[in-house]
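**Q** Following is a predicted model, sequence given first.
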Amino acid sequence: MVIRRLVVFLFFAVSGSAGADGWDPTSKASNRFSINNTRHNLTVSFNPLQRIMNIARNDYLEVCVYCHTPHGASKRVDAPLWNRTINVDPYLTYDKPRTLDRPIGQPGPNSLTCLSCHDGSISIDSIINMPGSGLYNKAQETTVNFTFLDAWPGEGFDGRHFVLGPGFSQPGRCTICHNSNSPTMPDYEGFVIGTDLSNDHPVGVQYPVTFEANVDFNAPIAAVSGRMSYFDENLNSFADTREVRLYDTGDGPEVECASCHDPHGVRSGSDGSTFSPSFLRVNNGVADNGTSGTAGIVSHGASALCLTCHIK
């Protein structure tokens with residue numbers, strides 16, 4: 001216990017602020033070139049005490065494995081080679097008055113994948129197939145099994161598999177340290193969506209399929225039948241990472257988390273530019289203005305993401 005308290009103290013002592021990505025200037029992630037340099041790379045802490053994060057999660061030493069696996073992928077969610085536990089309990093969905101009379105269902109696969117971390121109910125290292133032989137557990141598809149996660153042979157503290165936040169019955173949460181009261185560490189509280197989605201941008205909402213004069217939505221430019229519609233801004237007949245899309249899982253095109261966000265990072269401008277803030281597909285107005293955290297960011301204009309879909 002004394003050792004762990006010392007480690008946490010050192011963590012606070014050496015964490016210095018550094019500009020990085022425009023909405024989170026205390027992050028040391030450069031947010032350039034690849035997911036390796038973003039906070040979605042859970043193998044690094046962007047902290048001088050590299051091993052400090054082992055108190056919070058298993059370090060699998062591989063970037064992609066926290067979400068994907070080449071073998072033994074989940075059959076419970078339609079996502080590419082999915083390796084994370086997902087929440088199968090219902091979410092409280094958007095409930096505010098709306099002018100578009102479209103049903104709002106439960107989050108689809110392209111939201112459940114994001115919510116598997118960001119609803120704060122599942123440990124950030126809870127995966128189905130850990131690297132190596134004999135470290136697969138099918139039950140992990142929908143249930144966090146700490147005994148299974150504790151079997152990881154690498155460094156770490158058994159039983160300390162943190163959720164992003166706010167905690168629930170889990171053994172710890174990232175927002176214990178990463179909160180608005182910390183002067184030196186990135187604040188993660190805004191990224192904990194929770195299971196109550198009633199005050200968030202609706203996911204699982206059907207997008208229009210006809211666009212008469214009284215429909216205040218833009219028509220997608222292209223579609224892949226049975227999969228998605230998308231705004232093919234460069235007209236290359238391919239859904240590029242910087243293009244907003246609506247996912248079709250059987251009920252027509254719907255808005256999901258991944259409609260607007262790409263967890264791998266999206267260049268805000270030309271090759272080598274800093275990724276758009278919050279992993280957005282379209283930069284909603286943050287630009288390089290010479291202040292800490294905005295270097296290299298190219299703005300697409302105020303409300304550019306919103307106006308991709310909405311006519312206002």
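**A** Arrived safely.

**Q** Just the strands from the stretch 201-312 of the chain, written as ranges.
**A** Taking DSSP state E, counting those that start in this stretch as the criterion, the stretch 201-312 of the chain contains strands spanning 205-206, 222-224, 228-230, 245-248, 253-255.

**Q** now for the ones you listed, which one comes closest to residue 83?
**A** Nearest to residue 83, of all the strands of the stretch 201-312 of the chain, is strand 245-248, at 20.1 Å by C-beta to C-beta. To be clear about C-beta, it is placed using only N, CA and C from the backbone, and glycine gets the same treatment.

**Q** The closest one pairs with which strands, parallel or anti?
**A** Using DSSP bridges, the strands paired with strand 245-248 in its sheet are strand 228-230 (antiparallel), strand 253-255 (antiparallel).

**Q** I'd like those laid out as JSON lines, including distance to residue 83 and mean neighbour count.
**A** Output for the strands paired with strand 245-248, formatted as JSON lines (distance: least, C-beta to C-beta, whole Å; neighbours: other C-beta atoms under 10 Å):
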{"stretch": "strand 228-230", "distance to residue 83": "22", "mean neighbour count": "22"}
{"stretch": "strand 253-255", "distance to residue 83": "24", "mean neighbour count": "24"}
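
**Q** so which of these gets nearest residue 200?
**A** Evaluated over the strands paired with strand 245-248, closeness to residue 200 peaks at strand 253-255, with 11.2 Å, by C-beta to C-beta.

**Q** Show residues contacting the closest one.
**A** Contacts to strand 253-255, defined as C-beta atoms under 8 Å, 6 or more residues apart in numbering, come from residues 105, 108, 201-207, 209, 220, 223, 228-229, 246-248, 309.

**Q** Save the strands paired with strand 245-248 as a markdown table, and put in distance to residue 41 too.
**A** Shown next, in a markdown table, are these (distance: least, C-beta to C-beta, whole Å):
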| stretch | distance to residue 41 |
| --- | --- |
| strand 228-230 | 27 |
| strand 253-255 | 27 |
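
**Q** With residue 120 as the reference, name the closest of the ones you listed.
**A** Smallest distance to residue 120 across the strands paired with strand 245-248 (C-beta to C-beta): 21.5 Å, for strand 253-255.

**Q** distance between that closest one and the chain's centre?
**A** In this view, strand 253-255 has its centroid 18 Å away from the chain centroid, taken as C-alpha atoms, centre = their mean, to the nearest Å.

**Q** Please state the backbone phi and psi of residue 104?
**A** Here is the backbone geometry of residue 104 (degrees, to the nearest 10): phi -120, psi 110.

**Q** can you check residue 150 too?
**A** For residue 150, the backbone dihedrals are phi -70, psi -20 (criterion: degrees, to the nearest 10).

**Q** Residues contacting stretch 146-157, please?
**A** Taking contacts as C-beta under 8 Å, 6+ apart, the residues outside stretch 146-157 that touch it are 4, 51, 54-55, 57-61, 123, 125-126, 130, 132, 135, 137, 139-140, 158-159, 161, 171.

**Q** can you map out the helices along the stretch 101-250 of the chain?
**A** With helices called from DSSP state H, counting those that start in this stretch, the stretch 101-250 of the chain shows them at 109-118, 146-150.

**Q** Low-confidence regions, the protein specifically.
**A** Along the chain, segments meeting pLDDT under 70 span 1-26, 48-50, 97-101, 155-159, 167-171.

**Q** relative to its centroid, which residue of it is most remote?
**A** The outermost residue of the chain relative to its centre, with distances by C-alpha atoms, centre = their mean, is residue 213 at 35.3 Å.

**Q** Give me the buried entries from the contacts of stretch 146-157.
**A** Buried members of the contacts of stretch 146-157, scored by 16 or more other C-beta atoms under 10 Å, are 54, 57-60, 123, 125-126, 130, 135, 137, 140, 161.

**Q** wait, isn't residue 139 in contact with residue 145?
**A** Yes. Assessed by C-beta atoms under 8 Å, residue 139 is found in contact with residue 145 at 6.1 Å.

**Q** Please identify the deepest-packed of the helices of the stretch 101-250 of the chain.
**A** Looking across these with neighbours counted as mean count of other C-beta atoms under 10 Å, the highest average goes to helix 109-118: a mean of 22.
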